[in-house]
Structures are given as structure tokens and as C-alpha cells.
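Asker: got a predicted structure plus its sequence, pasted below:
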Amino acid sequence: MQETLDISSIMHDESRQGEAFTIKQVKSEKEGNRQFYIESYGCAMNFSDSEIIAAILIKEGFKATRHFMEADLILVNTCSIRENAEQRVRQRLTEFSKAKKQNPSAIIGVLGCMAERLKSKFLEEEKIVDIVLGPDAYRDLPVLVARAEDGQRSVNVLLSREETYADINPVRLNSNGITAFISIMRGCNNMCSFCVVPFTRGRERSRDPHSIVAEATDLFAKGYREVTLLGQNVDSYHWQPGWGGETYNFAKLLESVAKINPLLRVRFSTSHPKDITDEVLHTMAAHHNMCKHIHLPVQSGSSAVLKRMNRTYDREWYLERVETIRKLLPGCGITTDIITGFCGETDAEHSDTLSMMETVKYNMAYMFSYSERPGTPAAKNFKDDVPVALKAKRLSEIVDLQHQHQQELHSLEPGKVYEVLAEGISKRSKEHLFGRTSENKVIIFPRNEVQLGDYVYVQVKEFTSATLFGEIINLNSKSEINRQHK
Ligand code: 5AD
Ligand code: SF4
């Protein structure tokens, strides 16, 4: 059974750093219950992994805490995708060393992609670290903790071809009780030349679909109303049972999850433009509860750059996929990732990215400056030759253009009515809730008597480039939607 904890996995929770904790206090806590603190960086997959790690530790008798100063075990689940992600973790480790000064028996562990990339070098470089654990070795955490308690610092960064943690029920961290991530596969076989993930997360492998459906069913029974299926490249999901039985591709998996209950929304991330099939698009169209949103990283609008990136599609292919999405799923939200200043990127190639953005008009984009990662094919084969200032200039151009597009797209929204899942209380006011439309547009609306997890119809009234603001129309529509869905 899944557990839900409203604690831990907070980023930068420094609220209690200044508080004095004596060693005596910490020790007496330790005798009763050892406490762990986990902080996660990077992609949704890392946050999802932290929930697996929490489940492993809770089974061992650990309790979660939100405050690293009172933890016996401080874990940081790291990201290596760009250099600045790694720098943030290093800074954080210096903060954690304060906890170790107060409580010398506190154990510090570095998990995830940075652990995998740096391996035992981490122990040499960061003297306060006791445990280094790669993404496929989390089951070994209790053993490494026991060794650390005996004063032994250790590393396990073995990658696996099979590990999917399918049998571990994640403990939901920082949960709103409404939306949850479900990891459906691990690793990546793609070898995009800029990307460190195939080296840190290993070969691609898919998780047993029955365990995925069971996890989603259990979440629904607990009141969750949305699941996001996670993988580096979900379109290449493939389940081949060893002993006969049905094979599953991604479309079939989606269908199985969508059929659990019409009130359970289904999202997924991330799609690869070379692999997203029409079958997936048809499956999305066939189910009302399959959210009409596709995150389709383009990376660059230039075919020449895409070739150097080893993305295995070109500009025309990508645009064809967008056209088909728009044809089969009218109104579908399309979001993307863009890297600017990749090796050898010329002004003309940069302009191709701007024109790609003009053509597609993305609903949202994550935009990055290229950051060379040691050991990747790009680092080996190309020069990181776009000057930092030019990368920054190009990045600000794409950021400005994206902002302009979101403003334009949002200016068309007032008056439209969306079905919205109420997900949380707005940060701005307790009298307002926020939710998302199927297309993944964030919308804020007055709370009235709406409960979190309810579906409501909201009419858009105002907008910024990031958010829509609306009014609930016909409160009874909530039950109408619910009836329709049953
Ligand atoms: N530099 C900059 N951005 C990168 N990404 C992946 N690797 C790098 C890198 N070396 C971006 C890609 C990917 C997203 C998760 O991170 O856009 O889609
Ligand atoms: Fe990295 Fe490409 Fe795999 Fe995404 S698809 S994780 S960018 S190698």
C-alpha cells in the first residue's frame, strides 16, 4: 500500500538552520527513531526516485524530517544535467557540514546522477560525504547506512539493466494528495550528444505495466486525481514479458491507465519527437481523462544543429509531428525544451530556433544555455565554442520571444471555459485555489466551496504570460462533470 507523508524532500528549507540542537538531544532521538532528511534537485524523475528512497528508509524504521539539522541521515538526490545544477549541490553540502559539526554522527549521502558521474571521486572531493549511491543502487542504502554508522564511507554506483523498483510503493513526499508521479521506465538509450543522462542513468528499461496500473489504482483509491507517467523517453516504453503474455507499448500502457477511472487524469513526460506515434495521439484523443498536453523537446530549430546533437530528427520531421498533433488533438498544449549556444551554433542556426518558435508558438518552454558535460559525445567531438556572452544573448532572445508568445496566446483566453482539477491553495490568497486545465494551463479561481480534487468549470477572465485567472461557472457543473465521468 502507498503511504502519504506530508513531510520532507524540501528544497532549501533553511528555516531552522539557526536553531541550536545539542548532540544530546539528537542522540536521544536517534535511539528511538532515526530520522532522515532528503532534498531533491533536477527533473521530476529525481523527485519520484526520492519517494522510492523514502519508502526504503521507512521500511528500515527511519522517520522523515523536514529539518536537516535534526536528521541522523541527510540525503541529497542530485542532478548532473548542467554544471550549475552540480554547483548548487556543492554549495548545499557546505550547509550540511554545519549539521555534521553539531552532530558528528550524522551521515551524509549523495545520491542520483552526480553520484553516478563522480563515483568515488566524491568521497575524495567532499570530505563530509559518507555515502555515494547511484540511481540503480537505492536498495543498497540500508547497507551503506549501516557501514557509515560503523565509520566506513562507501560507494555503490553499479548500473543495472533490470532495476525498475517496480515492487516498491513510493512514499509520497510533499504531496498535495491530488497529483502524483509514477515512474514507468528508467535510463535512456538515445545518446543525444549534449546529454549526460545515458551515462548517469544507464540503459533504458521499462517497468511491468501491471505494477504501474496497480500503483495508479491505489493512488486513485486514496483520493489522487491525476498521475503523471514519467520516463526519459516515454514513447519507447516497451514491456515484453519473459514467459508469454501480452506485450505493451506506450499507447497500450496509456490506455490501461486511462481506463482505471474517468476521474483520474493521466499525463506523461517526456516525449521524444522521433518516437511519438500516431497511435499514442489517437489514444489520447479517445480518452477524456488523458490530458491534452505534450512536452516535446525540440532543443533546436536548425536541422544541422539537431544532427550535431544526434537528436535523430530534423526540423521538417518535428514540424510534421506538431502538425499531426494539432490535427488529431485540436487545442493540445505543446511545450518544449530549447538549448541555446550548442557547439558551433551560428547566427543563422540560432535564427532557425527563433523561427521554429514562431511557427509552433509553444505554450511554455524550458530554455537553457548549453553546458558542456564531461564524457558526453559533444564534449569528446565538438568544441564548446559559442562564447558565454553570446550564449546569454541568444538565451535572452529566446526567453523574450517565448514570453511574447505566451502573452499572445493568453490574450486569446478570456471568455473560454475549461474543466479544471483543483490542486491546491493559491500562494497569493487563501481564498483562491489553483488548478490546471487538461492542456496544462495554470488557472487561479475563487475557492467558494470547491474541495481540492474536485473538477470545476472555470471561465477565464484575466491573464499574465504565465497564469490565467478565472471565475467558476455554474458550481453544479462540478457534479455534472462527475456524473458524465461515471
Ligand atoms: N546543457 C544544457 N541543457 C541541457 N539539457 C540536457 N543536457 C543539457 C546540457 N548539457 C536540457 C535539454 C533537456 C533538458 C532536460 O535539459 O533541453 O531536454
Ligand atoms: Fe538525454 Fe536525449 Fe535521453 Fe533526453 S532523450 S535523457 S536529452 S539522451
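Answerer: Received it, and whenever you're ready, just let me know what you need. Ligands and ions are numbered 1, 2, ... in the order given.

Asker: surely residue 172 touches residue 48?
Answerer: No - if you go by CB atoms under 8 Å, residue 172 and residue 48 don't touch, sitting 10.1 Å apart. Quick note: C-beta positions are derived from backbone N, CA and C, even for glycine.

Asker: for the stretch 201-350 of the chain, which residues are neighbours of ligand 2?
Answerer: Residues of the stretch 201-350 of the chain found near ligand 2 (CB under 6 Å from any ligand atom) are 232-233, 272.

Asker: any idea which of the residues you listed is closest to ligand 2?
Answerer: For these, the minimum distance to ligand 2 (CB to the nearest ligand atom) is 4.0 Å, reached by residue 232.

Asker: residues in contact with the closest one?
Answerer: 45, 185-188, 190, 197, 201, 204, 270 (CB atoms under 8 Å, 6 or more residues apart in numbering).

Asker: biggest separation within the residues you listed, which pair?
Answerer: 45 and 190 (14.6 Å; CB to CB).

Asker: between those two, which has more neighbouring residues?
Answerer: residue 45 (24 against 18; other CB atoms under 10 Å).

Asker: separation between the more buried one and ligand 2?
Answerer: 9 Å (CB to the nearest ligand atom, to the nearest Å).

Asker: wait, that residue touches residue 229, no?
Answerer: No - Residue 45 lies out of contact with residue 229 (CB under 8 Å); the separation is 11.2 Å.

Asker: if we can go back for a sec, ok, which of the contacts of residue 232 also contact ligand 1?
Answerer: Okay, of these, nothing touches ligand 1 (CB under 6 Å from any ligand atom).

Asker: hmm, the longest helix along the chain touching ligand 1?
Answerer: Longest helix of the chain, by residue count under DSSP state H: helix 388-411. No - remark: helix 388-411 sits outside contact range of ligand 1, by CB under 6 Å from any ligand atom, the gap being at least 9.8 Å.

Asker: that helix packs against which elements?
Answerer: strand 333-340, helix 347-360, strand 364-369 (3 or more CB pairs under 8 Å, 6 or more residues apart in numbering; DSSP states H and E).

Asker: hey, which of these is tucked in deepest?
Answerer: strand 333-340 (a mean of 22; mean count of other CB atoms under 10 Å).

Asker: please put the alpha-carbon coordinates of that strand into PDB.
Answerer: Taking C-alpha atoms only, strand 333-340 is exported to PDB below (Å, rounded to 0.1, in the frame of the first residue of the first chain):
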ATOM      1  CA  GLY A 333      -0.900  22.200 -25.300                       C
ATOM      2  CA  ILE A 334       2.600  21.800 -26.700                       C
ATOM      3  CA  THR A 335       5.600  22.700 -24.500                       C
ATOM      4  CA  THR A 336       9.300  22.300 -25.200                       C
ATOM      5  CA  ASP A 337      12.900  22.400 -24.100                       C
ATOM      6  CA  ILE A 338      15.500  24.500 -26.000                       C
ATOM      7  CA  ILE A 339      19.200  24.600 -25.700                       C
ATOM      8  CA  THR A 340      20.900  27.700 -27.000                       C
END
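
Asker: which phi and psi does the closest residue to ligand 2 within the stretch 301-450 of the chain have?
Answerer: Ranked by CB to the nearest ligand atom, the top residue of the stretch 301-450 of the chain for proximity to ligand 2 is residue 311, at 7.4 Å. For residue 311, the backbone dihedrals (degrees, to the nearest 10) come out as phi -80, psi -10.

Asker: got it, and residue 372?
Answerer: phi -70, psi 130.

Asker: is the residue lying closest to it once chain neighbours are set aside part of a helix or strand, or is it coil?
Answerer: Distances taken as CB to CB, 6 or more residues apart in numbering place residue 384 nearest to residue 372, at 4.3 Å, with adjacent residues excluded. Residue 384 falls in the coil class when you classify it by DSSP: H, G, I helix; E, B strand; the rest coil.

Asker: I'd guessed residue 384 sits against residue 343; true?
Answerer: Yes - counting by CB under 8 Å, residue 384 does reach residue 343; the two are 5.8 Å apart.

Asker: how close does residue 311 get to residue 137?
Answerer: 30 Å (CB to CB, to the nearest Å).

Asker: swap in residue 65?
Answerer: 23 Å.

Asker: next one: residue 294
Answerer: 33 Å.

Asker: let me know the closest of the residues of the stretch 201-350 of the chain next to ligand 2 to ligand 1.
Answerer: Taking these together and measuring to ligand 1 by CB to the nearest ligand atom, the closest member is residue 232, at 8.7 Å.

Asker: got a list of contacts for the helix or strand harbouring residue 282?
Answerer: Using DSSP states H and E, residue 282 sits within helix 278-286. Residues from elsewhere that reach helix 278-286, judged by CB under 8 Å, 6+ apart: 235, 249-251, 254-255, 258, 271, 290, 292, 324-325, 328-329, 332.

Asker: looking at those residues, which are in strands?
Answerer: Secondary structure from DSSP state E places residue 249 of the contacts of helix 278-286 in strands.

Asker: kindly state the pLDDT recorded for the closest residue to ligand 1 within the stretch 201-350 of the chain?
Answerer: Among the residues of the stretch 201-350 of the chain, residue 337 lies closest to ligand 1, at 3.3 Å counting by CB to the nearest ligand atom. We have a pLDDT of 98 for residue 337.

Asker: leaving out sequence neighbours, find the closest residue to it.
Answerer: residue 297 (3.7 Å).

Asker: any idea how far the one you found is from residue 113?
Answerer: 18 Å.

Asker: neighbour-wise, which of these two wins?
Answerer: residue 113 (28 against 19).

Asker: list phi and psi for that one.
Answerer: phi -60, psi -40.

Asker: can you find the helix or strand in this protein with the smallest mean pLDDT?
Answerer: strand 3-4 (a mean of 38; mean pLDDT, DSSP states H and E).

Asker: residue ranges in the stretch 201-350 of the chain under the pLDDT threshold?
Answerer: Judged against pLDDT under 70, the stretch 201-350 of the chain has no low-scoring part.

Asker: skip ahead from the longest helix of the chain and say which helix or strand is next.
Answerer: Downstream of helix 388-411 (by DSSP H and E), the next one is strand 417-425.

Asker: now do the buried residues in that next one.
Answerer: The neighbour-count check on strand 417-425 (16 or more other CB atoms under 10 Å) flags 418-423 as buried.

Asker: again with stretch 463-476
Answerer: Buried-residue list, stretch 463-476, by 16+ other CB under 10 Å: 463, 467-470, 472.
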